Structure formats: C-alpha cells, structure tokens
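Peer 1: let me see the structure of the following:
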Amino acid sequence: MRPDSVVRLVFGAASAAVGRATQTHHHLDSVGGALQKVLAGMEKASRKTGRSLPPRLVAASKSQPVELVQNAYDYGVRHFGENYVQELTTKARELKGLDIRWHYIGRLKKRNAKKLVEVPGLWMVETVDSFKAAEALDRRWGDRGLDCGSLRIMLQVNTSREESKRGCVPEACSDLGHYVLEECPHLRLTGLMTIGRQSQPITPNPDFMKLVWCREVLCQQLHCAELELSMGMTEDYQHAIELGSTSVRIGRAIFSPDL
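Peer 2: The predicted structure follows:
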C-alpha cells in the first residue's frame, strides 16, 4: 500500500466526521487538522525510504479524554497507545464497541500482567524488557485459553542507556528474544521498541541506529525474515521513519498540536 493510500485510508472517515466535528469544541475539531499534518509528514518520510509499506501510526492517547480518542477514531485512526494499565482498562471498556487496536506502551510490571491481558481489544504490548515480565505476560495470556491465539509483543531496548528509561540493554536483546521464542509459547515476538534520547543533536540518531543493529543481530540469530521497529515520536518521527521505523507513537502532535 502506498503512503498516499494510507492518508486516504485514515481520512476516509473524515467526510462523515467533519459535520460532527464543527459542532464540537475547538480542541476536538483540531484533531482532524493535526492528523492531516502528521500523515503528510509520514508520507514525506516514507517516500524517501522507497518502502512499499508505510509505517503504522499509533496515536499515543495517554491522559487524553475518551472524547478525543473517539474523535481520532472517527477520522480513521485505529491503533492507540496507552501508558497506564488502569487508564487503558477504563478507555477500552468505554470504547468497547469500536474496533480499536490497543497498544500498551508503558512500564510493564509483573503484578499488572493479569489485569493487562484482560483489556478488551489489547493488540500489542511494546514494553517487554525482562525475563520476568515476559514470563508473567506469557502465563497470564495463556490462562485466557488457546482460542485467544498469541499476543503480539515487542522488546523494549534502552538504546540510550539512560537510567530514567526502561528497557534491556542492547547486548541483552538477543538473550531476551531467544527466551520469548523458546519459553513463551503464548507470545509472538513482533519487533523491537525504543524511546531513545530526546532532541538528539547527532544525525543519524545513534539510538535509532542501535535499534536497527539490534534487529539485524536478532533476525540473524533467530533466523527470522523481519522484525518491526517501533521508534519515533512527535519530535523525531520523520527521522525515525527514514531510518527504518515501521511504527511511530505520536501523541502531542495529534492531541495537543498548539503546545
């Protein structure tokens, strides 16, 4: 699918939503325009890569009211990311009738695994960063029954090695990947995720390049054809796409474009 097709896909619902949006608060109405700018930026970056498939847009909706999530959904967004289990649980239940694909992008605590796997519409957990977290998530997902299939997960890698950020160190990525593949039958290793150092002045971003390296090593060791890369947020998503990101997590540029 061409990047311009994604713009048409996401905004395919826009014509039906415009009438409703113009009657709502200005902040709600601004989501459509903000999305258009973000998608244009994604399209521009995608053209530079020459890839046939565009990256996935995950709207990071942490702390945003349900009305804004609904508004973005009306404009065609289907993937949403949340940082807190309780907030995700509440929003998923309130929006249960919608075909939203929820991504958990917050810190994964072992004690929260049971509650997390019960979230309606949970599609992916992007923050598996340890053997304990993987084991707990695998066990709790398995408790749901075989008819649930496997749960998509990503390994979070602390490519910048900052103490304030979660994630395994790059050198531990292979061991964790092998553990998930060999010991966690209810999890499907889908890719790698990083946050990286914000406002990185060096180009290309070394944190993103480190994640690319981790993927190359892991794919070679696991004999897999491809793993996704989730990297890039509001400040750096275009650069991340140019370096190979297949999924970007964008919040402020969509929900608070004027800040």
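Peer 1: in stretch 168-178, which residues are buried?
Peer 2: Buried residues in stretch 168-178, counting neighbours by 16 or more other CB atoms under 10 Å, are found at 168, 170, 172-174, 176-177. (C-beta placed from N, C-alpha, C; glycine too.)
Peer 1: same question for stretch 185-194.
Peer 2: Along stretch 185-194, the positions that meet the burial threshold by neighbour count (16+ other CB under 10 Å) are 186-187, 189-194.
Peer 1: list just the nearest of those residues to C214.
Peer 2: Distance to C214, by CB to CB, is smallest for L192 among those, at 5.7 Å.
Peer 1: so the closest one, which state does it fall into?
Peer 2: On the three-state scheme (DSSP: H, G, I helix; E, B strand; the rest coil), L192 is labelled strand.
Peer 1: with R152 instead?
Peer 2: Per three-state DSSP, the local secondary structure of R152 is strand.
Peer 1: burial measure for it, as a count.
Peer 2: Around R152 there are 18 other residues, counting by other CB atoms under 10 Å.
Peer 1: show me what it bridges to in the sheet.
Peer 2: When bridges are assigned using DSSP bridges, the partners listed for R152 are M124, R188.
Peer 1: repeat for the one 4 residues further on
Peer 2: On DSSP bridges, the residues paired with Q156 through beta bridges are M193.
Peer 1: hang on, it packs against P170?
Peer 2: No: contact criterion CB atoms under 8 Å: Q156 and P170 do not qualify, at 11.4 Å.
Peer 1: ok, which stretches of the stretch 151-259 of the chain are helices?
Peer 2: Under the criterion DSSP state H, counting those that start in this stretch, the stretch 151-259 of the chain contains helices at 173-183, 206-222, 237-242, 252-255.
Peer 1: L95: which of those helices is closest?
Peer 2: Evaluated with CB to CB, the helices of the stretch 151-259 of the chain place helix 252-255 nearest to L95, the distance being 15.4 Å.
Peer 1: what helices or strands is the closest one leaning on?
Peer 2: helix 26-49, strand 56-60, helix 66-74 (3 or more CB pairs under 8 Å, 6 or more residues apart in numbering; DSSP states H and E).
Peer 1: taking helix 66-74 as reference, get the angle to the longest one.
Peer 2: When axes from the mean of the first three to the mean of the last three CA atoms, to 10 degrees is applied, the directions of helix 26-49 and helix 66-74 differ by 40 degrees.
Peer 1: what does the model give R107 for pLDDT?
Peer 2: Model confidence at R107, expressed as pLDDT, equals 96.
Peer 1: farthest pair within the buried residues of stretch 168-178?
Peer 2: P170 and G177 (11.6 Å).
Peer 1: ok, back up a step: got the buried residues of stretch 168-178 as CSV, with pLDDT and distance to V38 columns?
Peer 2: Supplementary listing: those in CSV, determined by pLDDT from 0 to 100; distance: CB to CB, whole Å:
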residue, pLDDT, distance to V38
C168, 97, 29
P170, 96, 29
A172, 96, 33
C173, 95, 29
S174, 95, 34
L176, 97, 31
G177, 97, 31
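Peer 1: check these against E135 and report the nearest one.
Peer 2: Distance to E135 across the buried residues of stretch 168-178 (CB to CB) is lowest for L176, with 11.1 Å.
Peer 1: ok, the closest one - contacts?
Peer 2: Contacts for L176 were tallied using CB atoms under 8 Å, 6 or more residues apart in numbering; they are 128-131, 134, 155, 168.
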